[in-house]
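**Q** Turn this into a structure:
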Amino acid sequence: MTFDDAVAAAATLTRDPGNATKLALYALYKQATEGDCTGKRPGFTNPVGRAKHDAWASVEGTSQDEAKAEYAERVAELLAAEQA
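**A** Just a heads-up that it's a prediction; the model follows:
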């Protein structure tokens, strides 16, 4: 599965994979498309933005190709789990 296929497939998931998995996918997507995390960390009044920033920062240093491969792998696993 290519990265672009995985992005399209992620939108078709019917089961909620949970916040931790969604944050991990978000981080890998941002790393794959934009590279290392940029900008300031949002303040405590923005917990969602803060969680997203922290997740993206956690994969800092991962190459864009590695992030694309890992994203595709995780989406493939989620799709397989839905079909099981």
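**Q** use CA for all of it now, contacts and neighbours both
**A** Will do.
**Q** How about residue 50: what's its closest non-neighbour residue?
**A** Counting by Cα to Cα, 6 or more residues apart in numbering, residue 50 lies nearest to residue 42, which is 5.1 Å off, once chain neighbours are set aside.
**Q** packing partners for the lengthiest helix in the chain?
**A** In the chain, with assignment by DSSP state H, the single longest helix is helix 64-83. If you count contacts as 3 or more Cα pairs under 8 Å, 6 or more residues apart in numbering; DSSP states H and E, helix 64-83 packs onto helix 3-10, helix 19-34.
**Q** Residue 46 is nearest to which of those?
**A** helix 19-34 (15.2 Å; Cα to Cα).
**Q** Tell me which other helices or strands the helix or strand following that closest one touches.
**A** As assigned by DSSP states H and E, the chain's next helix or strand after helix 19-34 is helix 47-58. Helices and strands touching helix 47-58, by 3+ Cα pairs under 8 Å, 6+ apart, are helix 19-34.
**Q** Check the offset of the helix it packs on from the chain's centre.
**A** 2 Å (Cα atoms, centre = their mean, to the nearest Å).
**Q** and it, C-alpha only, in CSV?
**A** C-alpha atoms of helix 19-34 as CSV (Å, rounded to 0.1, in the frame of the first residue of the first chain):
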residue,chain,number,x,y,z
ASN,A,19,-7.1,8.7,20.4
ALA,A,20,-3.6,7.3,20.9
THR,A,21,-3.7,5.7,17.4
LYS,A,22,-5.2,8.7,15.8
LEU,A,23,-2.5,10.9,17.3
ALA,A,24,0.2,8.5,16.1
LEU,A,25,-1.3,8.6,12.6
TYR,A,26,-1.5,12.4,12.7
ALA,A,27,2.1,12.6,13.8
LEU,A,28,3.3,10.3,11.0
TYR,A,29,1.2,12.2,8.4
LYS,A,30,2.6,15.5,9.4
GLN,A,31,6.2,14.2,9.5
ALA,A,32,5.7,12.6,6.1
THR,A,33,4.2,15.7,4.5
GLU,A,34,6.0,18.5,6.3
